[in-house]
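Colleague: following is a predicted model, sequence given first.
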Amino acid sequence: MCLAVPGKIISISGDDPLERTGKVDFGGIAREASLAYVPEARVGDYVIVHVGFALSRVDPDEAAKVFEHLREMGELSELNESNEPDSVGPPTIPERRARE
């Protein structure tokens, strides 16, 4: 199944809006993604990525909710090299609140 998955932009390369890419962290697994569709995206933003393209920005709390649902469905194994779904993704909402 192909999914669009939220990730956090950790670096950005390129000045041309059509060739700009970002390194996106999916809970410890970083992949390059095109940022052509989200010219407003900045380092630290969460984006929804599908087949190597960031499609839109997403709220960090919403990203945490999506990852929680993906964990429950067991759909994170493709991103997770260790095949431990619970170890992938941004912190859950309770984990984030505990840190604040």
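Modeller: Nice, I can see it. Model, not experiment: these values are computed from the prediction.
Colleague: make it CA atoms for all contacts and neighbour counts henceforth
Modeller: Fine.
Colleague: which one is Lys8 nearest to, not counting chain neighbours?
Modeller: Distance criterion Cα to Cα, 6 or more residues apart in numbering; nearest residue to Lys8, sequence neighbours excluded, is Tyr46 at 4.3 Å.
Colleague: quick one: contacts for Val43?
Modeller: Going by Cα atoms under 8 Å, 6 or more residues apart in numbering, Val43 touches Lys8, Ile9, Ile10, Ser11, Ile12.
Colleague: any quick ChimeraX command for the buried ones out of those residues?
Modeller: Remark: buried members of the contacts of Val43, expressed as a ChimeraX selection using 16 or more other Cα atoms under 10 Å:
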select :8,9,12
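Colleague: any stretches of this protein with poor pLDDT?
Modeller: Filtered on pLDDT under 70, the chain yields the residue ranges 1-2, 75-100.
Colleague: most distant residue from the middle of this structure?
Modeller: Asp16 (22.2 Å; Cα atoms, centre = their mean).
Colleague: can I get stretch 41-61 in PDB, CA atoms only?
Modeller: Extracted C-alpha coordinates of stretch 41-61, given in PDB (Å, rounded to 0.1, in the frame of the first residue of the first chain):
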ATOM      1  CA  ALA A  41       8.200  24.900   3.800                       C
ATOM      2  CA  ARG A  42      11.100  25.600   6.200                       C
ATOM      3  CA  VAL A  43      13.500  23.600   8.400                       C
ATOM      4  CA  GLY A  44      11.500  22.300  11.300                       C
ATOM      5  CA  ASP A  45       8.200  22.100   9.500                       C
ATOM      6  CA  TYR A  46       6.300  18.800   9.200                       C
ATOM      7  CA  VAL A  47       5.300  17.800   5.600                       C
ATOM      8  CA  ILE A  48       3.300  15.000   4.100                       C
ATOM      9  CA  VAL A  49       5.500  13.000   1.800                       C
ATOM     10  CA  HIS A  50       4.300  10.600  -1.000                       C
ATOM     11  CA  VAL A  51       6.700   8.900  -3.400                       C
ATOM     12  CA  GLY A  52       9.500  11.400  -2.700                       C
ATOM     13  CA  PHE A  53       7.400  14.600  -3.000                       C
ATOM     14  CA  ALA A  54       6.400  16.700   0.000                       C
ATOM     15  CA  LEU A  55       2.800  17.500  -0.800                       C
ATOM     16  CA  SER A  56       1.700  19.900   2.000                       C
ATOM     17  CA  ARG A  57       2.700  21.200   5.400                       C
ATOM     18  CA  VAL A  58       1.000  19.600   8.400                       C
ATOM     19  CA  ASP A  59       0.700  20.700  12.000                       C
ATOM     20  CA  PRO A  60       3.100  18.700  14.400                       C
ATOM     21  CA  ASP A  61       0.100  17.500  16.500                       C
END
